[in-house]
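Chemist: Below are the sequence and a predicted model; questions follow.
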Amino acid sequence: MATIKIPYGRGFVDLAVEDRNLRGVLESRAHHAKATEDQSTIVSQALENPIASPRLCELAKGKPKVVVITSDHTRPVPSKITLPLLLDEIRRGNPKADITILIATGFHRLTTPEEMINKFGEHIVRHEKLVNHDCRDEHSLVHVGVLPSNGQLILNRLAMEADLLVAEGFIEPHFFAGFSGGRKSVLPGVASTTTVLANHCAKFIASDFARAGVLENNPIHIDMLYAAKAAKLAFILNVVIDADKKVVKAFAGDMEKAHQKGCEFVTAMASVVAIPSDISITSNGGYPLDQNIYQAVKGMTAAEATLKEGGVVIIAAACNDGHGGQDFYETFLKYPTARAIFDEIMQIPMESTIPDQWESQILARILIKHKVILVTDQCDPKTITDMHMIHAYTLEEGLQLAYQIKGSDASVTVVPDGVSVIVRA
């Protein structure tokens, strides 16, 4: 009997699988990486040795208005460590800089004051200027141009009017953008509703290149990179984190080249070979990524990539914030089957993309092929069943339900943290 720790909420839950069923465990090597320095030292060294760029303190000289884009409450960027060091580096070169910290909410809801304190710490919230990006507030947005996809590029006015635009973030596999981090701070981070919807259209989401670990020929990435260049994103600080959300590596410097180096590092650490099984068990990496069903779809795609046809996905995700998107939820209420949802979405042209359509499209794609059991004791079971999934309170209950579907001798692959791996065939 194997016992495997699965991230859940702010901690872990134990999963027990009989040896006769377990085919393998797929984990990112980053989860077991041992940093040679403490987190602050790793970040400081990256800032002192930027990739393909002068130091940020040099870039900040003579730039009165500086905007630092940072991730919102749904992302595990360790901003309590990274952001003070980033601000110190700016002020080293320009002590009088007028700095605005712009929270890249993308298409998410705004970050609350309590969430800001939890993410950034009281000192930064009390002493720095923080602004929530609001993709729906037309007065805070400015038209910049046209994306390679022909979508309209509309970005946050503060970012566009900055004398120096900087971003912090983290790099992990992303289920349709290839990787998080880098250019993603701009699109979708500080983009308008119109721009996000165009970038996340059905055609792009359906592309074979819009997959975890893929940047080349990825139409979503191509638009994102264009947007970041149009915004003149001058410098990034991106980190790689382990299972405990601790920094194991940092990359700073040129928006494109530093991000590329980080993606190469993550690819080497996160790539795993699929072990096709009847049942695949995963998570969304715990807090903050498992706060809602919308985000949990990411982890499901890792399980999907290592399942036999007609398999069962079991995902542990707290989902204490519910479905995470009203349009996302209502799509599943409206249609009787996943196939009906998927077929309807594939008929929607880019200019008519609806909110949360991309998440509905991917979840429907999974549900057409597999059953999904969502394990949580913090979300209304009816919300889960309304969205065509099966609810279980515990992993043990979820596994027993899966055995009822696939048989007691069913094979099992475990992907403890579904958002941290790139599953290769």
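Modeler: Yep, it's here.
Chemist: Strands of the stretch 151-300 of the chain, residue ranges please.
Modeler: Assigned by DSSP state E, counting those that start in this stretch, the strands in the stretch 151-300 of the chain fall at 152-156, 164-170, 173-174, 178-179, 233-241, 247-253, 271-273, 277-283.
Chemist: The fifth one pairs with which strands?
Modeler: The reference is to strand 233-241. Here strand 233-241 is paired, per DSSP bridges, with strand 164-170 (parallel), strand 247-253 (antiparallel).
Chemist: again with the last one
Modeler: Partner strands and pairing direction for strand 277-283 (DSSP bridges) are strand 307-316 (parallel), strand 412-415 (parallel).
Chemist: Distance to Asp72, mean pLDDT and mean neighbour count added to these, as TSV?
Modeler: C-beta coordinates here come from the backbone N, C-alpha and C atoms, glycine included. Listed next are the strands paired with strand 277-283 as TSV, based on distance: least, Cβ to Cβ, whole Å; pLDDT from 0 to 100; neighbours: other Cβ atoms under 10 Å:
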stretch	distance to Asp72	mean pLDDT	mean neighbour count
strand 307-316	22	98	23
strand 412-415	25	98	27
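Chemist: returning to that earlier point: now render the strands of the stretch 151-300 of the chain as JSON lines, adding mean pLDDT and distance to Thr82.
Modeler: Formatted as JSON lines, these follow (pLDDT from 0 to 100; distance: least, Cβ to Cβ, whole Å):
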{"stretch": "strand 152-156", "mean pLDDT": "98", "distance to Thr82": "21"}
{"stretch": "strand 164-170", "mean pLDDT": "98", "distance to Thr82": "5"}
{"stretch": "strand 173-174", "mean pLDDT": "94", "distance to Thr82": "19"}
{"stretch": "strand 178-179", "mean pLDDT": "97", "distance to Thr82": "18"}
{"stretch": "strand 233-241", "mean pLDDT": "97", "distance to Thr82": "6"}
{"stretch": "strand 247-253", "mean pLDDT": "96", "distance to Thr82": "8"}
{"stretch": "strand 271-273", "mean pLDDT": "97", "distance to Thr82": "25"}
{"stretch": "strand 277-283", "mean pLDDT": "98", "distance to Thr82": "24"}
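Chemist: Save those as a markdown table, and put in distance to Ala318 too.
Modeler: Formatted as a markdown table, the strands of the stretch 151-300 of the chain follow (distance: least, Cβ to Cβ, whole Å):
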| stretch | distance to Ala318 |
| --- | --- |
| strand 152-156 | 30 |
| strand 164-170 | 20 |
| strand 173-174 | 21 |
| strand 178-179 | 25 |
| strand 233-241 | 19 |
| strand 247-253 | 24 |
| strand 271-273 | 24 |
| strand 277-283 | 10 |
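Chemist: hmm, back to that, tabulate the strands paired with strand 277-283 (JSON lines), appending distance to Met300.
Modeler: Formatted as JSON lines, these follow (distance: least, Cβ to Cβ, whole Å):
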{"stretch": "strand 307-316", "distance to Met300": "5"}
{"stretch": "strand 412-415", "distance to Met300": "10"}
